[in-house]
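**Student:** okay, predicted coordinates and the sequence, questions at the end:
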Amino acid sequence: MDGIGENHHQLKPKISGESMMLACYLIQDLLKERLITQDDFPWRLPIPSSSGNVAVEEGGGGGGGALLKYVGGVDVSYSKELDSAEAASTAACGCGSLVVLDVTTPTLQVVYQDFSLLTNFDVPYIPSFLAFREAPILLQLLQKMKNTGNPFYPQLLLVDGNGFGLACHLGVLANIPAIGIGKNLHHVDGLTESGVRQLLQAKDNSGEDFITLTGSSGCVLGAAMRSTKGSCKPIYISVGHRVSLNTAIKIVKMICKYRVPEPIRQADIRSRDHLQKNSGGNDGTLQ
DNA sequence: GCGACAG
DNA sequence: ATCTTGTCGC
């Protein structure tokens, strides 16, 4: 049997995978028109100075404004079990998290956290189309904060995954400054790990701990950075929305206690933890 | 053509 | 992303 009559119980028409891919490309092109890749934010960036004082750098936005204080991190964890809900089960198979850190605190205190459990994913994971799978649940968490007028609403969002994907997607749709943080290289436009390694080693003694990633097409796709002394494996920083690559690098440097920037790391740890502790029933936080 | 491929 | 124990080291 190859599925004759499979659609009898579905209301939605069946659309081929290739049509979906095309639609995703078109949507990304539309979002790209609203994308801002330069500094355009209302806050100022604190710069630690050698004299012990704290100088303040102008944001590209409007001059003045509050210091950057609340930085958000988002992540989605998955259960080993059901990736798509086959059975009509209430077991959670995914957990989206939003955390907010006060970056003016030496310890980078977590001042807000929220989660959203999922019982099914209607969108599969496809490299380059991560946003279509993870953005909806994360947008919902942001919207919930905004709707309730929460005072900890982030001034900046760190998103796991490389830019020109989830970070841009979220940044544009939520209209929030965003930076993409990849823990692995996204193999596009000729980028390879060996190439990154070579460039990092070449710049090893120049005082800089990051390199710019340029694709074979000539486009600047982001930067690879060794965020910790001991780590030879870099993290990948890319533009999300309203923050330039240079500014993104400065910001990431100041919020890394470990290899992975703290907002991302906390969102990661806490979403995984929340999923484990609730892997049997309904969430209750959203209906 | 085949494999690799952010999370 | 997830499956997984201990282990070597600061």
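**Tutor:** Here it is on my side, so go on.
**Student:** which strands and helices sit next to the one helix or strand A:Asn246 maps to?
**Tutor:** Assessed by DSSP states H and E, A:Asn246 sits inside helix A:245-254. Counting by 3 or more CB pairs under 8 Å, 6 or more residues apart in numbering; DSSP states H and E, the packing neighbours recorded for helix A:245-254 are strand A:45-48, strand A:178-182, strand A:220-225, strand A:235-241. Where C-beta positions appear, they are placed from N, C-alpha and C, glycine not excepted.
**Student:** mind doing that once more with 10 Å?
**Tutor:** With contacts taken as 3 or more CB pairs under 10 Å, 6 or more residues apart in numbering; DSSP states H and E, helix A:245-254 sits against strand A:45-48, strand A:156-160, strand A:178-182, strand A:210-214, strand A:220-225, strand A:235-241, helix A:262-277.
**Student:** average pLDDT across the first one?
**Tutor:** On average, the pLDDT along strand A:45-48 is 76.
**Student:** the residue in the stretch 51-200 of chain A positioned nearest to DNA strand B: neighbouring residues, count only.
**Tutor:** Proximity to DNA strand B, evaluated over the stretch 51-200 of chain A using CB to the nearest atom of the strand, is greatest for A:Gly165 at 1.9 Å. Neighbour count of A:Gly165, defined by other CB atoms under 10 Å: 25.
**Student:** from A:Ser238, how far off is it?
**Tutor:** To A:Ser238, A:Gly165 is 9 Å away according to CB to CB, to the nearest Å.
**Student:** what sits against the residue of the stretch 101-250 of chain A found nearest DNA strand C?
**Tutor:** Residue nearest to DNA strand C within the stretch 101-250 of chain A: A:Lys183 (5.5 Å; CB to the nearest atom of the strand). Applying CB atoms under 10 Å, 6 or more residues apart in numbering, we find A:Lys183 in contact with A:Asp160, A:Gly161, A:Asn162, A:Lys233, A:Pro234, A:Ile235, A:Tyr236, A:Arg259, A:Val260, A:Ile264, A:Asp268.
**Student:** what of A:Glu262?
**Tutor:** Neighbouring residues of A:Glu262 by CB under 10 Å, 6+ apart: A:71, A:73, A:99, A:101, A:103, A:107-110, A:158, A:252, A:254-256.
**Student:** just the buried ones from those residues?
**Tutor:** Buried members of the contacts of A:Glu262, scored by 16 or more other CB atoms under 10 Å, are A:Val71, A:Gly73, A:Val99, A:Leu101, A:Val103, A:Leu108, A:Val110, A:Leu158, A:Val252, A:Met254, A:Ile255, A:Cys256.
**Student:** may I see those organised as TSV, with pLDDT and distance to DNA strand B added?
**Tutor:** What follows is these, written out as TSV (pLDDT from 0 to 100; distance: CB to the nearest atom of the strand, whole Å):
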residue	pLDDT	distance to DNA strand B
A:Val71	98	18
A:Gly73	98	11
A:Val99	98	14
A:Leu101	98	18
A:Val103	97	22
A:Leu108	96	20
A:Val110	97	19
A:Leu158	98	12
A:Val252	96	14
A:Met254	95	21
A:Ile255	95	17
A:Cys256	93	15
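**Student:** could you export those as CSV, including distance to DNA strand C?
**Tutor:** Shown next, in CSV, are the buried ones among the contacts of A:Glu262 (distance: CB to the nearest atom of the strand, whole Å):
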residue, distance to DNA strand C
A:Val71, 19
A:Gly73, 13
A:Val99, 16
A:Leu101, 19
A:Val103, 22
A:Leu108, 20
A:Val110, 19
A:Leu158, 14
A:Val252, 17
A:Met254, 22
A:Ile255, 18
A:Cys256, 17
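**Student:** out of those, flag the one nearest to A:Pro127.
**Tutor:** A:Leu158 (20.8 Å; CB to CB).
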